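Chemist: next come a sequence and a model predicted from it.
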Number of protein chains: 2
Amino acid sequence: MSLLVVGTTALDSIKTPWAENPRLLGGSASHASVAASFFTQPRLVGAVGDDFPRKYLNLYRRHGIDLGGLQQLPGQTFHWSGEYEVNMNNRRTLDTVLGVIENFSPTLPAAYTKLPYVLLANCAPDLQAHVLDQMKRPKFIVADTMDLWLNIARAPLLKLLKRIDCLALNDSEAAQLVEEDNPIAALPRIHKLGPKYVIVKKGEHGAILSGPKGLFLAPAYPLKKVIDPTGAGDSFIGGLMGHLASVKGGVEKNLRTALIHGTSTASLCCEGFGLKKTTTATKPEITRRVRQLAKLTTW
Amino acid sequence: MSLLVVGTTALDSIKTPWAENPRLLGGSASHASVAASFFTQPRLVGAVGDDFPRKYLNLYRRHGIDLGGLQQLPGQTFHWSGEYEVNMNNRRTLDTVLGVIENFSPTLPAAYTKLPYVLLANCAPDLQAHVLDQMKRPKFIVADTMDLWLNIARAPLLKLLKRIDCLALNDSEAAQLVEEDNPIAALPRIHKLGPKYVIVKKGEHGAILSGPKGLFLAPAYPLKKVIDPTGAGDSFIGGLMGHLASVKGGVEKNLRTALIHGTSTASLCCEGFGLKKTTTATKPEITRRVRQLAKLTTW
């Protein structure tokens, strides 16, 4: 089985207190696809400009990512620059150039429309909905989102929530969405907006999955040093969906294990700038962290 | 086997955005002893003033707490008043009256000095050390502390750390102690200060245990509503030590399970003002939450 990933394909300029890295490969769909590629073949839907480095196309290809849905359009690639503080939970956006994704409205390759697993990685809810419109009875649809869309595109986001199986968002976004600071109290309210499953991402504190069988409290993989958390949430959900698309037995049976595979993949992402560590990681490294997480949480 | 608990026995006036409760029974030793009483008989060492309500002495007795080490002295009982914001992670102290604990320097009853488990609940490091001086080869010594002592009594605290088996402190205090924001990186530095085991408390995000066999990532019990988190950390460490003192097989074998029992007891504490919910809880309620936590974290 295979996985469709739509989201941003971007160039990220990332500043931390210790280093500055201009024009790295970034974007939600890049991180999610590379993460998913350890488990299944992702089909990538996105748009890049004519300034997009060939080496990044090669990077996608090295990971076996199907680029039939990636369009190279005249104009600039989406470019995000941001700066992290010493406490890496705090970051601020320095500049955003939307470029070619501003009016991106793709027609999917026919083969893509029949894929069973759909990851609407973080991008405009209208783009997420436009891709979903073209899908033919997918088995499991996850959407990731961020505060930006809660601020500027709340109505289309709320419409989208009625059409997806699972929403992923971080704890402050969950609080913003339903005006409730306590994620345990926020979860039932988010379910009422549509999704059967909700995943609240808490960064270094792990994640909470809520579904028909109740809650699952997932740990984060403990890291001594975080180099760059950009894309960790995308890697998490990409690894999760990649694992889910690669195993037998259905969503309910495998979703908890999928979260742990996502967690493990996301931890690698944090250990290098941009995709640096993730692209050089191996499946056995991910599997080893999954096994370690079992040991770290058993009593 | 049994447990010595030394710490503050106080009156707490607690304000939240929803309610105000004056002169509740509080203090680290009160919360820790009541929590431990579900598992073993705690022997309480503390001091109260002549204003201490008789009903609170009866409360201790109802919980089977041995009061042979509780002195009633002329003067005021230690009184803390504080206020919580809507986000209950934020609280501020409105007033502190030290009263009789200011110069409290107890001589322990002889029987107390041979107890195998020692909980130096949060109080001045000098008082913790003074009690420890009188103990004869205890089996396991845990000290809890707080930012106040890091600020005003760092030297005696550092001295104490060389004499205990386990230090419990919250994540911001761990960061302050060794000037390292990432708790995973802070832990080895804290071990270097003395304790073989370190427990970093993260409130709603659970706790991290670090010891000779590596890390244990303990979840928090998910609560839809927190009424008053005052004493949750004391209840956690009290439940932990109570469980440990009640089971066979040694510390290393039982410490992870003890953390989960502490977590479960602490969650009850958060569901009522002061000790209100904890004192009306039952052992089966605690055990049920322990079982639930196993289900909530298994994949």
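Modeler: Done, it's in.
Chemist: which residues sit in contact with the residue of the stretch 101-250 of chain A found nearest chain B?
Modeler: Residue nearest to chain B within the stretch 101-250 of chain A (Cβ to the nearest Cβ): residue A:205, separated by 4.0 Å. Every C-beta, even on glycine, is put in place using the N, C-alpha and C of the backbone. Residue A:205 makes contact with A:220, B:202, B:205, B:206 under the criterion Cβ atoms under 8 Å, 6 or more residues apart in numbering or on different chains.
Chemist: export those residues to JSON lines and tack on distance to residue A:141, pLDDT and secondary structure?
Modeler: As requested, the contacts of residue A:205 are exported to JSON lines (distance: Cβ to Cβ, whole Å; pLDDT from 0 to 100; DSSP: H, G, I helix; E, B strand; the rest coil):
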{"residue": "A:220", "distance to residue A:141": "25", "pLDDT": "98", "secondary structure": "coil"}
{"residue": "B:202", "distance to residue A:141": "33", "pLDDT": "97", "secondary structure": "coil"}
{"residue": "B:205", "distance to residue A:141": "29", "pLDDT": "97", "secondary structure": "helix"}
{"residue": "B:206", "distance to residue A:141": "31", "pLDDT": "98", "secondary structure": "coil"}
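Chemist: partners of the residue lying closest to residue A:145 once chain neighbours are set aside in the sheet?
Modeler: Closest residue to residue A:145 apart from its sequence neighbours, by Cβ to Cβ, 6 or more residues apart in numbering or on different chains: residue A:169 at 5.4 Å. Beta-bridge pairing for residue A:169 (DSSP bridges): residue A:200.
Chemist: how about residue A:94: what's its closest non-neighbour residue?
Modeler: Nearest residue to residue A:94 in three dimensions, chain neighbours excluded: residue A:81, at 4.4 Å (Cβ to Cβ, 6+ apart).
Chemist: burial count for that neighbour?
Modeler: Close neighbours of residue A:81, defined as other Cβ atoms under 10 Å in any protein chain shown, add up to 17.
Chemist: and what of the one 5 residues further on?
Modeler: Neighbourhood size, residue A:86 [other Cβ under 10 Å]: 9.
Chemist: ok, residue A:20 to residue A:162 distance?
Modeler: Relative to residue A:162, residue A:20 is positioned 42 Å away (Cβ to Cβ, to the nearest Å).
Chemist: which stretches of chain A form helices?
Modeler: For chain A, helices defined by DSSP state H occupy the ranges A:28-36, A:54-62, A:125-133, A:147-152, A:154-161, A:171-178, A:183-192, A:232-246, A:251-270, A:276-280, A:283-297.
Chemist: let's have those in TSV, adding distance to residue B:148.
Modeler: What follows is these, written out as TSV (distance: least, Cβ to Cβ, whole Å):
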stretch	distance to residue B:148
helix A:28-36	43
helix A:54-62	52
helix A:125-133	47
helix A:147-152	35
helix A:154-161	43
helix A:171-178	29
helix A:183-192	30
helix A:232-246	35
helix A:251-270	33
helix A:276-280	40
helix A:283-297	31
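Chemist: buried deepest among those helices, which one?
Modeler: Mean neighbour count (mean count of other Cβ atoms under 10 Å in any protein chain shown) peaks for helix A:28-36 among the helices of chain A, with a mean of 33.
Chemist: helices and strands around it, which ones?
Modeler: Packing partners of helix A:28-36 (3 or more Cβ pairs under 8 Å, 6 or more residues apart in numbering or on different chains; DSSP states H and E): strand A:3-6, strand A:42-48, helix A:54-62, helix A:232-246, helix A:251-270, helix A:276-280.
Chemist: so which of these is nearest chain B?
Modeler: Closest among the helices and strands packed on helix A:28-36, using Cβ to the nearest Cβ: helix A:251-270, at 3.7 Å.
Chemist: and the closest one, average pLDDT?
Modeler: The average pLDDT for helix A:251-270 rounds to 98.
Chemist: quick one: is it near chain B?
Modeler: Yes. Contact of helix A:251-270 with chain B (Cβ under 8 Å from any Cβ of the partner chain) involves A:256, A:257, A:259, A:260.
Chemist: columns distance to residue A:94 on top of those residues, output as JSON lines?
Modeler: Listed next are these as JSON lines, based on distance: Cβ to Cβ, whole Å:
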{"residue": "A:256", "distance to residue A:94": "38"}
{"residue": "A:257", "distance to residue A:94": "38"}
{"residue": "A:259", "distance to residue A:94": "32"}
{"residue": "A:260", "distance to residue A:94": "34"}
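Chemist: residues contacting the helix or strand of chain A with the lowest mean pLDDT, please?
Modeler: Ranked by mean pLDDT, DSSP states H and E, the helix or strand of chain A with the weakest confidence is strand A:91-97, at a mean of 90. Contact with strand A:91-97 is made by A:13, A:15, A:76, A:78, A:79, A:80, A:81, A:82, A:83, A:84, A:85, A:229, as judged by Cβ under 8 Å, 6+ apart.
Chemist: mind listing what's buried in it?
Modeler: Neighbour counts using 16 or more other Cβ atoms under 10 Å in any protein chain shown place A:91, A:97 of strand A:91-97 among the buried residues.
Chemist: paired strands for that strand, with orientation please.
Modeler: Using DSSP bridges, the strands paired with strand A:91-97 are strand A:78-84 (antiparallel).
Chemist: grab the nearest non-local neighbour of residue A:99.
Modeler: Using Cβ to Cβ, 6+ apart, the closest residue to residue A:99 is residue A:76 (3.5 Å).
Chemist: tell me how far the one you found lies from residue A:293.
Modeler: Distance, residue A:76 to residue A:293, by Cβ to Cβ: 40 Å.
Chemist: of all the contacts of residue A:205, which comes closest to residue A:186?
Modeler: residue B:205 (15.5 Å; Cβ to Cβ).
Chemist: check contacts around residue A:220.
Modeler: By Cβ under 8 Å, 6+ apart, the neighbours of residue A:220 are A:202, A:203, A:204, A:205, A:206, A:207, A:263, A:267.
Chemist: also residue A:126?
Modeler: Applying Cβ under 8 Å, 6+ apart, the residues near residue A:126 are A:153, A:156.
Chemist: one more time with 10 Å
Modeler: Going by Cβ atoms under 10 Å, 6 or more residues apart in numbering or on different chains, residue A:126 touches A:105, A:149, A:153, A:156, A:157, A:159, A:160.
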